[in-house]
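Q: no sequence on this one, just coordinates:
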């Protein structure tokens, strides 16, 4: 087999690999990864929040025990089109470098809670909801010119059944979009 074929094959494999996750963490001490999506708050739609705040959603397709689906697709962390299984959402985060406690986040219009974690069944049906107990989110860098934003988070959430979900060593990096 010619040596150029090996190079061509390696190039092909590199081109079909999904992009790297834009959010990672440990969830109850297990590796967790997904896609981070951040958006600028629209003060007309999201009262009482202002344009100096943003929202952040972290979504993945990592299976969970409450799903009643038959998984055939590879887990990508939702970096490609996916069937979402988990959804961590923050709202009302100040758009400034700093660390903010979970209790200081604002509930913007449309958000049931300023910090929540959902287990999804079928991509959009809520199987279980966990609400904020304690924790923080940190904006470690924001570039207004490129709209790149990155940070860290650690939060503990609890379901109405008393089950605890703990995200630790969380990081995210994404671009801020308009709503």
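A: Good, I have the coordinates. Here the structure is a predicted model, which is why all the values come from computation and not from measurement.
Q: Only C-alpha atoms from now on, for both contacts and neighbour counts.
A: OK.
Q: which SS class is residue 81?
A: Three-state assignment for residue 81 (DSSP: H, G, I helix; E, B strand; the rest coil): coil.
Q: any idea how far residue 59 is from it?
A: Distance, residue 81 to residue 59, using Cα to Cα, to the nearest Å: 11 Å.
Q: neighbour count winner among those two?
A: The residue with more neighbours, out of residue 81 and residue 59, is residue 59; 26 against 9, by other Cα atoms under 10 Å.
Q: partners of the helix or strand where the more buried one lies, with directions?
A: Using DSSP states H and E, residue 59 maps to strand 53-60. Paired strands of strand 53-60, with direction, are strand 30-40 (antiparallel), strand 86-94 (antiparallel) (DSSP bridges).
Q: What's the first helix or strand after the shortest one?
A: Same thing as strand 86-94. Downstream of strand 86-94, the first helix or strand assigned by DSSP H and E is strand 98-101.
Q: by contact count, what packs against that following strand?
A: strand 125-143 (3 or more Cα pairs under 8 Å, 6 or more residues apart in numbering; DSSP states H and E).
Q: In the sheet, which strands lie alongside the strand it packs on, parallel or antiparallel?
A: strand 98-101 (antiparallel), strand 115-121 (antiparallel), strand 148-159 (antiparallel).
Q: Give me the contact list for the shortest one.
A: Pointing back at strand 98-101 there. Identification of contacts with strand 98-101 by Cα atoms under 8 Å, 6 or more residues apart in numbering yields 93, 134, 135, 136, 137, 138, 139, 140.
Q: Low-confidence bits of this protein, can you list those?
A: Along the chain, segments meeting pLDDT under 70 span 1-19, 43-48, 65-73, 109-112, 122-124, 179.
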